[in-house]
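Trainee: Next input, structure requested:
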Amino acid sequence: MNAKIIRKELQITGLIQGVGFRPFIFNLAQDLKLKGWISNTDTGVSIEIEGLPDAITGFLDRLQQFPPVHSYIESLTIIEHEYYGYVNFELLSSATQGRKSLFILPDIAMCAECKKDIDDPTNRRYQYAFTSCSQCGPRYSIINALPYDRVRTTMQDFPMCANCQHEYDDPTDRRFHAQTIACADCGPSVQLTNKSGQIIESDVAAIKQAAEALKQGAIIAIKGIGGFQLLVDANFKTSVARLREKKYRPEKPFALMCKDMPQVRSIATPSAQEAQMLQSVAAPIVLLNKKRAGFMLAENIAPNNARIGIMLACSPLHHLLLSYLSAPVVATSGNISNEPICIDNQQALEQLGQIADVFLIHNRSILRPIDDSVVQAVQGSEMLIRAARGYAPIVIKLPKFKAKLLALGGHLKNTFALASEGYALISQHNGDLESLATVQGFKQNITDLSTLVQHQTDLLIQDQHSDYASSQYGDELSQTPCVTVQHHHAHLLSCVAEHGVTEPLLAVVWDGAGLGEDGSLWGGEFFSLENKKITRIASLREFSLPGGSVAIKEPRRTALGLLWKFMGDSLFAQTDLAAIQTFSKHEQKLLNQVLKKQLNTPRCSSIGRLFDCVASLLDLCQISTYEGQAASRLEQCINGCQLSDSYPLLWHEQNDVIRLDWQPLLENIMQDLAEGTEKSVIACKFHNTLVESIVDRVHGSGLKTVVLSGGSFQNSYLTEAIIKRLTAINVKVFWQQKVPCNDGGLALGQLLAVIQQQEFKTCV
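Mentor: Numbers count the residues shown, from 1 in each chain. As a prediction, the model looks like this:
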């Protein structure tokens, strides 16, 4: 008998903790009458199975073909062993060995089965706000150590009652070994408090009263999965206006949270792909087109914007709150402008008391701030714009290397990344590093994630711009060797790393600005990548930014910087130009002198700033109140225009770099304006011209592979038009999907730059 029985050891890595993997293996072994055990380890799971050869073959087949829905098996190692004589199959306690896995499961939205439970009056979890199972619930936001077990999460504060323990121990129950299992008898609870922290109501009564407060126009601070959010009823224009005033957010669109897809479809027109994204386990904010028939909610939610960000209720608490409301709610980050979101009850009361009227809180601790993720559909695929709840931390496979690396990313939309043993682990979105509190949060998050995976950094990597807060932090860590990587090199390598693109290739990197190797601000760049060598082969013609960083927030200044280049003093006689009209005579005189003498007018080759200029010419945006506002308005100005025409292109060579000359483009746009051409036509032709510039460079380079990176490619019209145009001429196009194309993707590219032994400079 023993001769027929074989024994195998399986070592598995990947996203396999917190997804019901051990219960799946247990039940699979029971079904096939296999003996042995399974245990979580620091790096994944270990399994020993003993049984007949056919049963073990069936086990391996089903393991690889039908694993748990949220799991991802990265590697499976099988080792043969001699017969041992196991008498049953057991779930053993987790084994800790020292080395930690980089695969950490993000927080998972409430599943359909748990939703049924809390909506069912006969279920013991009816209206319980912390219902979860092995397939859903918080993960990354509550883990304090690996491997993932209840005792290493903030759920350790809530000992299971007898009923929950029975479900946890029952192999036939879907809460078998669900680490976040809880009920109203033993789990976390909800309270509604005033600004002083005094409890008004608890549990379901608290949720109902919070809903009533929203109906009366109140601002609610709610403790979500990864931190606090601020909510108002989306019907109340005055409440939205009050939230804008208190958040210092005059125009930037707010996101909405809806209770179900019918409610989404009442205000927006999601495609099948977008509906799938909304209902995914990540439950992100999805950028959707508003209904053309009219936006029936408060118009100041997303003013002058044809798109709206919408998410579905991601947790039982949100689901219950929205069940008592007839309208969607505005849902925005629970923070003071430019600071990290609040995660602690007392912290929220202190910091958000000046904004919120009441607080819907709970007593389950959140260990790290995780904002809501933002995605959009591009060419039938999901494009991640902000990597946070439901996505982060992100694991990307890299070429093999020995050192442990820490890439610090950029200054805006910051993420950092750890790398070891052939993988990158990209952090959640840390925000713009423009306040002391955000910088402190960035540093804390580095310490937190490094501790969680026991990462001891051998080499730091930072952007070459020394004024970035991330770079300054690298300088602080003087005991660790540090190198710098050029901003746009990191962008292009981020896309290469995500897709594993093979060389040679042409890279188009367009964004707002990044310090170039010549000391100017780049942002309209074309590179070749061959034999791991990056060569800048083309760029937008340079222009001046009057006022430097001030011009980045004032498209009207950028417009003057470009127009003055070919119009000189006569520019300020063009009184019909919208940009000129926004300045007083005194300001015009000063700006003329600034441009003439080139005082505080850094050189720039940024496509992002060219978008600003054209938006100013079309009088769509003269002063931006948030990043990307002018470019967004210019994209939306197209408004369904199907024109394929473009403006003529002019290239010239300067210092071995081919330059795209913007002067003929602007002259043609101004001529169209003078002739009364529709702004939608001008906006469409402008976008099409940029597309044709890429086609020109593809023909000029002879390369048949193109990668697109940089924040400008968040523009879905531009990106889709490029993909279609290049695909039609048999060019393979790669654009970023799993990692943001904006500065949130820089850290990944910084890692690959070092791993591939790109040229870089030592930090000084």
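Trainee: I'd guess Glu201 is in a strand, am I close?
Mentor: Yes: counting by DSSP: H, G, I helix; E, B strand; the rest coil, Glu201 falls inside a strand.
Trainee: Is it correct that it is in contact with Ser189?
Mentor: No: with contact defined as C-beta atoms under 8 Å, Glu201 does not reach Ser189; the gap is 11.2 Å. Yep, even glycine has a C-beta here, placed from its N, CA and C like the rest.
Trainee: What ranges does the stretch 451-600 of the chain have for its helices?
Mentor: Ranges of helices within the stretch 451-600 of the chain are 469-476, 487-499, 549-553, 555-567, 578-581, 585-597, based on DSSP state H, counting those that start in this stretch.
Trainee: hey, which of these is tucked in deepest?
Mentor: helix 487-499 (a mean of 28; mean count of other C-beta atoms under 10 Å).
Trainee: Report the residue spans of the stretch 1-150 of the chain with pLDDT below the cut-off.
Mentor: By pLDDT under 70, the low-scoring segments of the stretch 1-150 of the chain are 1-3, 97-98.
Trainee: give me that answer again for 90
Mentor: 1-4, 15-20, 40-44, 68-72, 91-103, 146-148 (pLDDT under 90).
Trainee: Could you pull out the strands in the stretch 301-450 of the chain for me?
Mentor: 307-312, 329-333, 358-362, 374-378, 381-386, 394-397, 405-407, 417-420, 423-426 (DSSP state E, counting those that start in this stretch).
Trainee: what's the spacing between the fourth one and its chain's center?
Mentor: Spelled out, it's strand 374-378. Distance, stretch centre to chain centre, for strand 374-378: 10 Å (C-alpha atoms, centre = their mean, to the nearest Å).
Trainee: so where is the stretch 251-400 of the chain shaky, pLDDT-wise?
Mentor: In the stretch 251-400 of the chain, residues with pLDDT under 90: 292-296, 304, 336-338, 400.
Trainee: show me where it has helices.
Mentor: Under DSSP H, counting those that start in this stretch, the stretch 251-400 of the chain gives helices at 261-265, 272-278, 316-323, 345-352.
Trainee: now the stretch 601-750 of the chain
Mentor: 607-617, 629-637, 663-674, 679-701, 716-728, 746-755.
Trainee: Can you tell me which helices and strands the shortest one packs against?
Mentor: If I follow you right, that is helix 629-637. helix 607-617, helix 679-701, helix 716-728 (3 or more C-beta pairs under 8 Å, 6 or more residues apart in numbering; DSSP states H and E).
Trainee: So which of those is the most surrounded?
Mentor: helix 607-617 (a mean of 27).
Trainee: nearest to Val550, of the helices of the stretch 251-400 of the chain?
Mentor: Ranking these by their distance to Val550 (criterion: C-beta to C-beta) puts helix 345-352 first, at 29.2 Å.
Trainee: re earlier: is it possible to export the helices of the stretch 451-600 of the chain to CSV including distance to Ala29 and mean pLDDT?
Mentor: CSV is the format used below for the helices of the stretch 451-600 of the chain (distance: least, C-beta to C-beta, whole Å; pLDDT from 0 to 100):
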stretch, distance to Ala29, mean pLDDT
helix 469-476, 47, 95
helix 487-499, 36, 98
helix 549-553, 60, 93
helix 555-567, 63, 95
helix 578-581, 71, 93
helix 585-597, 75, 93
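Trainee: Of those, which is nearest Gly14?
Mentor: The nearest among those, by C-beta to C-beta, is helix 487-499 at 17.7 Å.
Trainee: At which residues are the strands of the stretch 101-250 of the chain located?
Mentor: Assignment of strands within the stretch 101-250 of the chain using DSSP E, counting those that start in this stretch yields the ranges 190-193, 199-202, 220-223, 228-233.
Trainee: which stretch among these comes nearest Gly441?
Mentor: Gly441 lies closest, by C-beta to C-beta, to one member of those: strand 228-233, at 14.0 Å.
Trainee: contacting residues around that closest one?
Mentor: With contact meaning C-beta atoms under 8 Å, 6 or more residues apart in numbering, strand 228-233 is reached by 214-215, 217-222, 239-240, 242-243, 247, 257, 325, 327, 329-335, 341-343, 348, 352, 355-356, 372.
Trainee: just stretch 289-308 next, same as before
Mentor: 234-237, 239-241, 244, 251, 253-256, 266-269, 287-288, 309, 327-328, 330, 632-633, 636, 639.
Trainee: Also stretch 29-36?
Mentor: Stretch 29-36 is touched from outside by 7, 28, 38, 47-51, 55-56, 58-59, 86-90, 171, with contacts defined as C-beta under 8 Å, 6+ apart.
Trainee: Which members of those residues are classed as buried?
Mentor: 7, 28, 38, 47-51, 55-56, 58-59, 86, 89 (16 or more other C-beta atoms under 10 Å).
Trainee: Just send the strands of the stretch 101-250 of the chain back as TSV, with distance to Cys183 and mean pLDDT too.
Mentor: Converted to TSV, the strands of the stretch 101-250 of the chain look like this (distance: least, C-beta to C-beta, whole Å; pLDDT from 0 to 100):
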stretch	distance to Cys183	mean pLDDT
strand 190-193	14	98
strand 199-202	16	98
strand 220-223	19	98
strand 228-233	25	98
